[in-house]
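1. Structure of the sequence below:
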Amino acid sequence: MSGYTEIILSPKHFKNRDMLKTTITIEKSDKVLLTGTIYNSRHEASEGAVVRVSKITGDNQRVSKGYVITNESGEFAIAVEKDKFACYQLDIYEPLLTT
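-> Below is the predicted model of the structure:
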């Protein structure tokens with residue numbers, strides 16, 4: 001993604017319930033963020049699950065876009081390009097390591 005904006009909050013912003021007001025401007029992007037949460041069969045968040053993302057083009061070809069691993073809350077995120085003629089397939093694999 002091409003845009004970047006940073007806000008730094010110091011401890012003084014949290015005193016006396018002050019209200020912080022700011023304007024953030026970012027560039028328009030040709031990407032979209034896919035997010036989700038993976039749960040196991042007991043409906044518990046699945047840390048360390050692997051999510052493979054593939055793009056399926058209009059002529060039914062699959063292009064691998066990469067892998068992500070879920071965090072301790074079972075959440076994942078990956079940026080992919082916007083394409084109104086393509087679909088995305090997510091393949092989920094159980095965690096490789098268990099604690």
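
2. Now for the residue nearest the centre of the chain: which residues touch it?
-> In the chain, the residue lying closest to the centroid (C-alpha atoms, centre = their mean) is A77, at 1.5 Å. Residues near A77 by C-beta atoms under 8 Å, 6 or more residues apart in numbering: 33-35, 68. In this view, the C-beta of every residue, glycine as well, is placed from N, C-alpha and C.

3. One more: N40?
-> Counting by C-beta under 8 Å, 6+ apart, N40 makes contact with 46, 94.

4. and what of the one 10 residues further on?
-> For V50, the set of contacting residues under the criterion of C-beta under 8 Å, 6+ apart consists of 67-70, 92-93, 95-96.

5. same deal with D83?
-> Residues near D83 by C-beta under 8 Å, 6+ apart: K55.

6. Kindly confirm my reading that it is in a strand.
-> No: under DSSP: H, G, I helix; E, B strand; the rest coil, D83 sits outside any strand and is assigned coil.

7. Look up how far Y93 lies from it.
-> 25 Å (C-beta to C-beta, to the nearest Å).

8. In stretch 54-71, which residues are buried?
-> Neighbour-count burial for stretch 54-71, with 16 or more other C-beta atoms under 10 Å as criterion, is recorded at 55, 65, 68, 70.

9. Next, the distance between the ends of that stretch.
-> This stretch, stretch 54-71, spans 20 Å end to end (C-alpha to C-alpha, to the nearest Å).
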